[in-house]
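Trainee: The following comprises the amino acid sequence and a computationally predicted model.
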Amino acid sequence: MYLSRLQILNFRNHEALNLELCRGINTFTGANGSGKTGILDAVYYLANCKSYFNQPDPQLVKHGSDQFSLKGIFHPDAGSDAEDEIICHYGGRGKKNVKRNGKVYERLVDHIGLIHAVLITPYDIELVLGLSEDRRRFVDQTLCQTNRNYLSDLMRYRHLQEQRNSLLKAQGEPDAVVLEALDHHMAEPADRIYQVRRQFTAALLPLFTEAYRELSLEREVPGLRYSSDLEKGTMASLLFANRSKDRVLQRTSEGPHRDDWVFELDGQTLRKYGSQGQIKTFVIALKLAQYRYFREVSGQTPLLLLDDIFEKIDASRAQALMHAVSDERFGQILITDTHRQRVEEHLAPVAIEQKHFSL
């Protein structure tokens, strides 16, 4: 998959921008605040119908306007002249529509999974240093783009969990019949979510290990371990065993909504013992593993979006990254940086079509 044309109107700090992109590496250089990250976020939005940075749509509208519009022309990897015109328009007051080749999606979820884009930013260190919900979000975003049944189960589980929590918070003793019914309906999607996450972790681990070794300048052995309450039993048994406790806490105390992933180097917890360089390398490797997972599952080469990477890692690791993404396994890449000369120096040894934009 590659993006040949991108049009931005009143999105973030861009009033109007039209870009013709090459199939290889496209770089965007300029001072901080010039809109580099906004370009990558626009591409991510076209793929996922939302901002990578979890900003609500009203906050993405350029100051002074009340709406924004994004348009991208996407093409499959090879062997076809087909193209997809994707238009995302937000008109204010929650009015948003997404069109594919002129036809409006009735449900935005029907667009998810058509285009895969992996964005790597300095903020991704929160995958290591942040809360468990940051790691669950990473896993869920990956699986929702590749597994429609998982997306359906996740939406159903979250809805039922919200209903159950509301019942537990209500004054007085919760209705036993309603609670029993909610527990029954929550169990099946929860068990399936757990199994899919287990399978995903097992599939991601070798991809991640390979990516880390390509980037690392040392010999650490990386680890990725899935931790879930459902290791103790089925969701039905957990809900039954914790029913009294849940009534006191007024919330569902165990389940997939508490799952986490433990990151390690040489058997030591990365968050506690890892250096700054190790953490950054770990996170980039994790994102490259996500990229390779998308490619294996979909058969299409995802878009790779690198935001200020050269600013945040040392020169040797940056060169290792450029070496890793310059082989035939990678397709179109969009890179932002504050210094054009630095970008060109890192890309000089890379024998891939390149196009450079200054903002």
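Mentor: Good, I have the coordinates.
Trainee: distance between the ends of stretch 96-115?
Mentor: The first residue of stretch 96-115 is 19 Å away from its last residue (Cα to Cα, to the nearest Å).
Trainee: Let me see the residues that make contact with it.
Mentor: For stretch 96-115, the external contacting residues (Cβ atoms under 8 Å, 6 or more residues apart in numbering) are 1, 46-49, 57, 74, 84-90, 144-146, 148, 151, 298, 303. For every residue, glycine as well, the C-beta is placed using N, CA and C.
Trainee: Could you pull out the helices in this protein for me?
Mentor: Taking DSSP state H as the criterion, the chain carries its helices at 36-48, 57-60, 126-129, 132-144, 148-169, 176-215, 235-241, 243-249, 270-273, 276-298, 309-312, 315-324, 340-347.
Trainee: picking that back up, hmm, which of the contacts of stretch 96-115 are the buried ones?
Mentor: Buried members of these, counted by 16 or more other Cβ atoms under 10 Å: 1, 46-49, 57, 74, 86-90, 144-146, 151, 298, 303.
Trainee: if we can go back for a sec, deepest in the core, which of the helices of the chain is it.
Mentor: helix 36-48 (a mean of 24; mean count of other Cβ atoms under 10 Å).
Trainee: got the angle between it and helix 132-144?
Mentor: For helix 36-48 against helix 132-144, the angle by axes from the mean of the first three to the mean of the last three Cα atoms, to 10 degrees is 50 degrees.
Trainee: and helix 36-48, what does it pack onto?
Mentor: Packing contacts for helix 36-48, counted by 3 or more Cβ pairs under 8 Å, 6 or more residues apart in numbering; DSSP states H and E, involve strand 2-11, strand 14-20, strand 25-29, strand 68-75, strand 84-90, strand 117-120, strand 303-307, strand 333-337.
Trainee: Please repeat the previous calculation with a cut-off of 6 Å.
Mentor: On a contact count with 3 or more Cβ pairs under 6 Å, 6 or more residues apart in numbering; DSSP states H and E, helix 36-48 meets strand 68-75, strand 84-90, strand 117-120, strand 303-307.
Trainee: Sheet-wise, list the partners of the second one with their directions.
Mentor: Just to be clear, that refers to strand 84-90. strand 68-75 (antiparallel), strand 96-100 (antiparallel) (DSSP bridges).
Trainee: cool, and the third one?
Mentor: Strand 117-120 pairs in its sheet with strand 303-307 (parallel), by DSSP bridges.
Trainee: buried residues in the partner strand?
Mentor: Within strand 303-307, the residues that qualify as buried are 303-307, counting by 16+ other Cβ under 10 Å.
Trainee: residues in contact with that strand?
Mentor: Outside of strand 303-307, the residues that reach it under the criterion Cβ atoms under 6 Å, 6 or more residues apart in numbering are 37, 40, 117-121, 332-336.
Trainee: Please save the CA atoms from that strand in PDB.
Mentor: Output in PDB follows, covering the C-alpha atoms of strand 303-307 (Å, rounded to 0.1, in the frame of the first residue of the first chain):
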ATOM      1  CA  LEU A 303       2.700   2.800   5.600                       C
ATOM      2  CA  LEU A 304       5.500   3.600   8.000                       C
ATOM      3  CA  LEU A 305       5.400   7.100   9.600                       C
ATOM      4  CA  LEU A 306       8.400   8.300  11.600                       C
ATOM      5  CA  ASP A 307       8.000  11.500  13.700                       C
END
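Trainee: re earlier: nearest approach to Phe357 belongs to which of the helices of the chain?
Mentor: helix 36-48 (8.5 Å; Cβ to Cβ).
Trainee: Give me the contact list for that closest one.
Mentor: By Cβ under 6 Å, 6+ apart, the residues outside helix 36-48 that reach it are 8, 11-14, 28, 30, 51-52, 70, 72, 86, 88, 115, 117, 119, 305, 307, 334, 336.
Trainee: same deal with stretch 192-200?
Mentor: Contact with stretch 192-200 is made by 143, 150, 153, 228, 230, 256, as judged by Cβ under 6 Å, 6+ apart.
Trainee: give the contact list for the last one.
Mentor: Going by Cβ under 6 Å, 6+ apart, Pro256 touches 190, 193-194.
Trainee: Quick check: the gap between it and Val196.
Mentor: Look at Pro256 and Val196: by Cβ to Cβ, to the nearest Å, they are 10 Å apart.
Trainee: circling back to that earlier point, select only the buried ones of the contacts of helix 36-48 in PyMOL?
Mentor: Here is the PyMOL command that selects the buried residues among those (16+ other Cβ under 10 Å):
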select buried, resi 8+11+12+14+28+30+51+52+70+72+86+88+115+117+119+305+307+334+336
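Trainee: can you tell me which of the helices and strands packed on helix 36-48 comes nearest to Leu239?
Mentor: Nearest to Leu239, of all the helices and strands packed on helix 36-48, is strand 117-120, at 35.7 Å by Cβ to Cβ.
Trainee: and that closest one, how far from the chain's centre?
Mentor: The chain centre lies 7 Å from the centre of strand 117-120; the measure is Cα atoms, centre = their mean, to the nearest Å.
Trainee: how about Leu70, what does it touch?
Mentor: By Cβ under 6 Å, 6+ apart, the contact set of Leu70 is 8, 42, 45-46, 88.
Trainee: what does Leu160 give?
Mentor: Contacts for Leu160 (Cβ under 6 Å, 6+ apart) come out as 182, 185-186.
Trainee: Nearest spatial neighbour of it, chain-adjacent residues omitted?
Mentor: Met186 (4.6 Å; Cβ to Cβ, 6 or more residues apart in numbering).
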